[in-house]
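>>> This is the structure alone, sequence omitted:
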């Protein structure tokens, strides 16, 4: 029985990434492969079986995963259409061959020596994402995984090997991505939102043709023009990538990063006769967001913030022009009184949208401060004083709103003078 550290832990060690040194990029889990053992032997040693499709065990003390070396054979469609074979005779090299990328097919033995039969260390040095074997095409999930690794390692200068991109394009053309489940699409998308360069995930999927299959609402934005006066980049798809990049600069929140990527979906359905104007996109985008979130099983909190940003981002951009009662209506619409964190999410998303324009990445965005100030002014109105003044029932609500509008009006007069 021989035990090897494999996968992301070895890769990140070779890259010099550690959980403490670079949490955004590092692998925090150790995965182990066991060669020459049987499930019965693992159980006798105190390991706990957790795998259903193939033998995976938890270490009795560390609780880290130990998997028996295995090979896989394609027997159906999609990423689940595999028959796994595990036996003490399966070698480490055979186990590593079934992995997606060479940089993930490196092992380290207990003496600290590398086993690298497919050139993963060389590709790490050259910063290349390259498939291990032609069997790469058998698993459509690998297209999304490569896109995610491109997002994860973009700051380090990694690129996808030309031959790997060609295989990804062939997989899309052959219809393999149609067999992906919504849960796995969201899982990879969500991981990319936590990466250093989330926009790279979308860019790679676009380059290989997969974006039109898994996220067609976002793919539809490319080639759609916007007014050059406000958007020097013109193309709405390019704008979306720029906004995603700015959101990653501004916040680590995956929810806000998600809204950055879907805030303009309505522009993808604007009739060409109306281009480059998109006057109704804040309304038309709502249904598209709901459809996308339902299809891909996006969590409700992500969907809800995305709907708020889609509906209100134009109002926030025009904060300097809004009437006091409109500002309070906006606060009511997003239920900021009970969920004040929604305002922060909205304003950060709008700041990313503002900065996500070619050449305007560092343009000031005072609107965020104006809206925060208006909200604070309205929030300072005390309901207890209204009740003490003798208001009752629905009259309390009406007076509260009237005083909030007055407070916002006073604040806006002050900052606009």
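Ah, there it is. None of these values were measured; they are calculated from a predicted model.
>>> Tell me, what's the model's pLDDT at residue 123?
At residue 123, the model reports a pLDDT of 98.
>>> for it, helix, strand, or coil?
When classified by DSSP: H, G, I helix; E, B strand; the rest coil, residue 123 comes out as helix.
>>> Is it correct that it is in contact with residue 130?
Yes. At 5.3 Å, residue 123 and residue 130 qualify as touching, with contact defined as Cβ atoms under 8 Å. Every C-beta, even on glycine, is put in place using the N, C-alpha and C of the backbone.
>>> okay, these two: which has more neighbours?
residue 130 (23 against 20; other Cβ atoms under 10 Å).
>>> Tell me how far that one lies from residue 110.
Using Cβ to Cβ, to the nearest Å, one gets 28 Å for the distance from residue 130 to residue 110.
>>> Could you do residue 271 as well?
Distance from residue 271 to residue 110, by Cβ to Cβ: 65 Å.
>>> Over to residue 243?
Separation of residue 243 from residue 110 (Cβ to Cβ): 47 Å.
>>> next one: residue 55
On the measure of Cβ to Cβ, residue 55 and residue 110 end up 20 Å apart.
>>> neighbour-wise, which of these two wins?
Neighbours were counted for residue 55 and for residue 110 using other Cβ under 10 Å; residue 55 has more, 22 against 9.
>>> didn't the more buried one look like it was pressed against residue 65?
No. Using Cβ under 8 Å, residue 55 is not in contact with residue 65, being 10.8 Å away.
>>> who's in contact with the residue lying closest to residue 160 once chain neighbours are set aside?
Once flanking residues are discounted, residue 160 sits nearest to residue 129: 4.8 Å by Cβ to Cβ, 6 or more residues apart in numbering. Residues near residue 129 by Cβ atoms under 8 Å, 6 or more residues apart in numbering: 101, 103, 123, 146, 149, 150, 153, 158, 159, 160, 161, 164.
>>> mind redoing it with 7 Å?
Going by Cβ atoms under 7 Å, 6 or more residues apart in numbering, residue 129 touches 101, 103, 146, 149, 150, 158, 159, 160, 161, 164.
>>> Which helix or which strand is home to residue 67?
For residue 67, the host element (DSSP states H and E) is strand 65-68.
>>> Now that strand: average pLDDT?
In this model, strand 65-68 has a mean pLDDT of 94.
>>> Could you report the separation of the residue nearest the centre of the chain from residue 199?
For the chain, residue 193 is the residue whose C-alpha lies nearest the centre (Cα atoms, centre = their mean; 2.3 Å). Distance from residue 193 to residue 199, counting by Cβ to Cβ: 10 Å.
>>> Outline the domain layout of this structure.
1-126, 215-368, 377-416 (automatic domain parsing).
>>> hang on, the earlier thing: name the residues that touch the strand holding residue 67?
Strand 65-68 is contacted from outside by 31-34, 37, 47, 54-59, 86, using Cβ under 7 Å, 6+ apart.
>>> contacting residues around residue 70?
Applying Cβ under 7 Å, 6+ apart, we find residue 70 in contact with 54, 84, 85, 86, 90, 95.
>>> quick one: least confident of the residues you listed?
For those, the pLDDT minimum is residue 54, 71.
>>> State whether it is indeed within a helix.
No. Residue 54 is assigned coil when assessed by three-state DSSP, not a helix.
>>> which secondary structure element contains residue 73?
Counting by DSSP H and E, residue 73 is part of strand 70-74.
>>> Residue 350 too?
helix 341-355.
>>> For residue 29, report the pLDDT, please.
In this model, residue 29 is scored at 78, pLDDT.
>>> Give me the three-state assignment for it.
Look at residue 29: counting by three-state DSSP, its state is coil.
>>> Next, count neighbours for it.
Close neighbours of residue 29, defined as other Cβ under 10 Å, add up to 10.
>>> Would you map the helices across the stretch 1-150 of the chain?
Assigned by DSSP state H, counting those that start in this stretch, the helices in the stretch 1-150 of the chain fall at 8-15, 39-44, 92-97, 120-126, 141-153.
>>> Between those helices, which shows the greatest average number of neighbours?
Ranked by mean neighbour count, the helices of the stretch 1-150 of the chain are led by helix 141-153 with a mean of 24 (mean count of other Cβ atoms under 10 Å).
>>> could you give the angle of that one to helix 8-15?
30 degrees (axes from the mean of the first three to the mean of the last three Cα atoms, to 10 degrees).
>>> tell me the contacts of the nearest residue to residue 270 once chain neighbours are set aside?
Closest residue to residue 270 apart from its sequence neighbours, by Cβ to Cβ, 6+ apart: residue 278 at 4.8 Å. The contact partners of residue 278, by Cβ under 7 Å, 6+ apart, come to 226, 266, 267, 270.
>>> Could you look up the SS state of residue 278?
Going by three-state DSSP: residue 278 is coil.
>>> ditto for the one 4 residues further on
Residue 282 falls in the helix class when you classify it by three-state DSSP.
>>> could you show me where the strands are in this structure, in order?
2-6, 31-35, 48-49, 56-58, 65-68, 70-74, 82-86, 107-108, 114-115, 128-129, 159-160 (DSSP state E).
>>> Using TSV, lay out the ones you listed together with distance to residue 232.
Output for these, formatted as TSV (distance: least, Cβ to Cβ, whole Å):
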stretch	distance to residue 232
strand 2-6	47
strand 31-35	46
strand 48-49	58
strand 56-58	51
strand 65-68	49
strand 70-74	47
strand 82-86	48
strand 107-108	49
strand 114-115	48
strand 128-129	31
strand 159-160	27
